[in-house]
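**Student:** just to be clear, the model below is a prediction. Sequence and coordinates:
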Amino acid sequence: MIHDFLKFIFTSALSIFFKEYKVINKTDIPTEGPLIVVSNHPSTFMDPIIVSNLLKQDAHFIGKGTLFNSVFKNWFMRNIVKAIPIYRKQDNPEKMESNDAIFEKCFQFLEEKGTLIIFPEGTSINERKLQDVKTGTARIALGAEARNNFQLGVRILSVGINYSDAPSFRSDVWVNVEELIQVSDYQVAYQQDDRAAVNLLTDKIQKNLENNLIIADDEQEDEFIKNVEAIYKNEIVTHLNLDPKLHAFTLTKGIQEAVNHFEDLDNIWLEKLQEKVATYIRRLSNNNLEDRFLARNKKEEKNIFSDSILRLFFLVIGAPLYIYGLLTNYLPYNIPNRIAKTLTNEEEYIGPIKMTAGIFTFSVFYSLLVFLFQRFIAQGDWWWTVYFAASLPIAGFFALLYAQRYNNFMTHGRLIALFYQQPELVGELLQERKSIIKDLDWAKEQYLKNE
């Protein structure tokens with residue numbers, strides 16, 4: 001009962017924490033076991049919430065033994081999270097022998113048509129890459145099938161989780177679901193050489209996950225992919241006639257694959273382009289500008305004055321609601337940020353801590369405000385209390401929108417001021433951007449020819 005309630009709370013929080021929460025191929029997800037769900041693991045406790053949110057059935061997690069290292073943690077992980085511990089040699093060598101019993105429990109669980117969730121990388125790191133998948137998942141799946149003469153019907157579902165910025169509130173997440181792996185397909189290989197079959201299945205899991213993730217070799221390449229996406233995504237959308245919301249992951253994945261293509265084809269040319277893009281982005285940052293404000297087409301340039309007036313009008317008219325939203329949401333919004341920064345410096349923990357703390361702070365703060373309003377202002381008029389309660393989250397989201405529009409207005413104003421004060425600088429930036437677009441146009445044509 002507590003587990004179901006917490007699942008409802010956390011899955012509801014996902015739609016609030018993330019601006020865009022998109023699942024691809026959700027219809028391919030089985031509603032019963034025996035099933036093993038595997039996923040990458042960039043954001044500690046956020047990933048289990050996202051994966052369990054995909055499933056209609058209850059599932060048990062496989063978690064590293066260090067998460068069970070106190071009486072409370074052990075009780076919480078086993079009874080609330082429904083997790084099963086796996087003890088790794090580097091964490092607790094003396095408990096390694098208990099893994100045989102854990103594997104036995106997993107076999108029995110799958111035989112009872114249960115669903116397991118496993119993060120086969122074995123650790124959580126907030127980077128756009130996939131670490132080597134451990135063999136434990138394949139050993140569990142093949143072991144369960146082998147003791148049932150490969151008639152059990154175990155399937156493996158691969159889920160790729162892609163965050164635009166995992167620690168940040170109102171960022172995006174794309175969840176990609178891959179085709180099912182039928183473990184019985186590995187029967188012959190297992191009967192010939194069980195270890196080779198384990199490695200073969202592990203390689204398949206690795207490949208399935210890689211197909212559904214944005215993967216960068218290092219931070220420099222990751223930054224380059226993000227910059228190209230910011231500068232060139234609208235050009236690709238227009239050229240290929242795509243819906244940017246429906247194809248957000250596909251666009252970024254295509255850019256990543258194109259970068260990998262040119263790394264192999266002409267790495268020197270790619271390094272020069274990376275430097276050109278980095279210099280352009282650095283100059284924008286030094287002048288507190290963003291690329292999207294230099295990417296205006298001729299029609300938008302003609303309407304620049306009227307557009308500025310409309311932006312200013314929105315800011316003036318919306319100011320009272322913004323102030324109301326700020327006063328009623330500032331503390332519950334900022335306290336989770338402070339809590340996360342106090343508890344950890346590791347990015348993979350920041351997002352889930354902020355979301356968990358936010359559930360608590362908003363619930364408590366909103367309840368307190370509603371109580372005070374009912375007691376001292378509405379004085380028994382419940383309809384006014386209901387209106388007030390409904391206004392709190394609406395005003396909070398409007399305050400976020402207002403702050404974003406205000407920042408856009410100020411950036412827009414800086415560009416106009418810079419145009420009059422330093423027209424040569426703006427001209428240089430526009431020429432740099434034009435040169436980058438030309439290079440990317442050429443790269444796009446070359447890449448599409450090889451597709």
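**Tutor:** Received the coordinates, thanks.
**Student:** what domains does the record give for this protein?
**Tutor:** Per automatic domain parsing, the domain ranges recorded for the chain read 2-211, 219-286, 298-434.
**Student:** can you redo those as a markdown table with mean neighbour count, mean pLDDT and distance to Lys449?
**Tutor:** Quick note: C-beta positions are derived from backbone N, CA and C, even for glycine. Below are the domains of the chain laid out as a markdown table (neighbours: other C-beta atoms under 10 Å; pLDDT from 0 to 100; distance: least, C-beta to C-beta, whole Å):
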| stretch | mean neighbour count | mean pLDDT | distance to Lys449 |
| --- | --- | --- | --- |
| domain 2-211 | 17 | 87 | 23 |
| domain 219-286 | 16 | 90 | 11 |
| domain 298-434 | 15 | 90 | 23 |
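**Student:** and those domains as a markdown table, adding distance to Tyr447?
**Tutor:** Putting these into a markdown table (distance: least, C-beta to C-beta, whole Å) gives the following:
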| stretch | distance to Tyr447 |
| --- | --- |
| domain 2-211 | 18 |
| domain 219-286 | 5 |
| domain 298-434 | 20 |
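**Student:** quick one, which of these is nearest to Trp442?
**Tutor:** When the domains of the chain are compared by C-beta to C-beta, domain 219-286 sits nearest Trp442, at 9.8 Å.
**Student:** now do the same end-to-end measure for that closest one.
**Tutor:** 21 Å (C-alpha to C-alpha, to the nearest Å).
**Student:** what are the ranges of the helices in the stretch 201-350 of the chain?
**Tutor:** Assigned by DSSP state H, counting those that start in this stretch, the stretch 201-350 of the chain shows helices spanning 219-240, 248-265, 267-286, 298-302, 304-343, 347-373.
**Student:** any idea which helix or strand comes after the top strand by length along the chain?
**Tutor:** When the chain is parsed with DSSP state E, its longest strand is strand 155-163. Using DSSP states H and E, the next helix or strand after strand 155-163 towards the C-terminus is strand 171-177.
**Student:** now do the SS call for Ile62.
**Tutor:** For Ile62, the secondary-structure state derived from DSSP: H, G, I helix; E, B strand; the rest coil is strand.
**Student:** which residues does Asn450 contact?
**Tutor:** By C-beta atoms under 8 Å, 6 or more residues apart in numbering, the contact set of Asn450 is His261.
**Student:** let's see that with 10 Å instead.
**Tutor:** The neighbours of Asn450, taking C-beta atoms under 10 Å, 6 or more residues apart in numbering as the test, are Ala258, His261, Leu265.
**Student:** likewise for Lys105?
**Tutor:** So Lys105 contacts His60, Ile84 (C-beta under 10 Å, 6+ apart).
**Student:** indicate which one of the domains of the chain is closest to Glu445.
**Tutor:** Going by C-beta to C-beta, the one of the domains of the chain nearest Glu445 is domain 219-286, 9.7 Å.
**Student:** re earlier: between the domains of the chain, which one is nearest to Leu440?
**Tutor:** Closest among the domains of the chain, using C-beta to C-beta: domain 219-286, at 4.9 Å.
**Student:** tell me how far the closest one lies from the chain's centre.
**Tutor:** Offset of domain 219-286 from its chain centre (C-alpha atoms, centre = their mean, to the nearest Å): 19 Å.
**Student:** also stretch 123-134?
**Tutor:** 14 Å.
**Student:** distance across that stretch, terminal residue to terminal residue?
**Tutor:** 10 Å.
**Student:** and what of stretch 29-38?
**Tutor:** 12 Å.
**Student:** thinking again about what came up before, would you list the helices of the stretch 201-350 of the chain in a markdown table and tack on distance to Arg414?
**Tutor:** Shown next, in a markdown table, are the helices of the stretch 201-350 of the chain (distance: least, C-beta to C-beta, whole Å):
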| stretch | distance to Arg414 |
| --- | --- |
| helix 219-240 | 18 |
| helix 248-265 | 28 |
| helix 267-286 | 11 |
| helix 298-302 | 17 |
| helix 304-343 | 12 |
| helix 347-373 | 30 |
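**Student:** so which of the ones you listed is nearest Ile16?
**Tutor:** helix 347-373 (8.1 Å).
**Student:** whichever helix or strand comes after that closest one vs helix 347-373, what angle?
**Tutor:** Remark: after helix 347-373, the chain's next helix or strand is helix 382-421, criterion DSSP H and E. Put simply, helix 382-421 runs at 130 degrees to helix 347-373, going by axes from the mean of the first three to the mean of the last three C-alpha atoms, to 10 degrees.
**Student:** what's the next helix or strand after helix 382-421 packed up against?
**Tutor:** Using DSSP H and E, the helix or strand that follows helix 382-421 in sequence is helix 423-449. Helices and strands touching helix 423-449, by 3 or more C-beta pairs under 10 Å, 6 or more residues apart in numbering; DSSP states H and E, are helix 219-240, helix 248-265, helix 267-286, helix 382-421.
**Student:** which of the ones you listed sits closest to Arg375?
**Tutor:** Closest to Arg375 of the helices and strands packed on helix 423-449 is helix 382-421 (C-beta to C-beta; 9.7 Å).
**Student:** format the helices and strands packed on helix 423-449 as JSON lines; extra columns: distance to Leu180.
**Tutor:** JSON lines is the format used below for these (distance: least, C-beta to C-beta, whole Å):
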{"stretch": "helix 219-240", "distance to Leu180": "29"}
{"stretch": "helix 248-265", "distance to Leu180": "20"}
{"stretch": "helix 267-286", "distance to Leu180": "37"}
{"stretch": "helix 382-421", "distance to Leu180": "38"}
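**Student:** between those helices, which gets nearest to Leu310?
**Tutor:** helix 382-421 (10.2 Å).
**Student:** so how far is that closest one from its chain's centroid?
**Tutor:** 24 Å.
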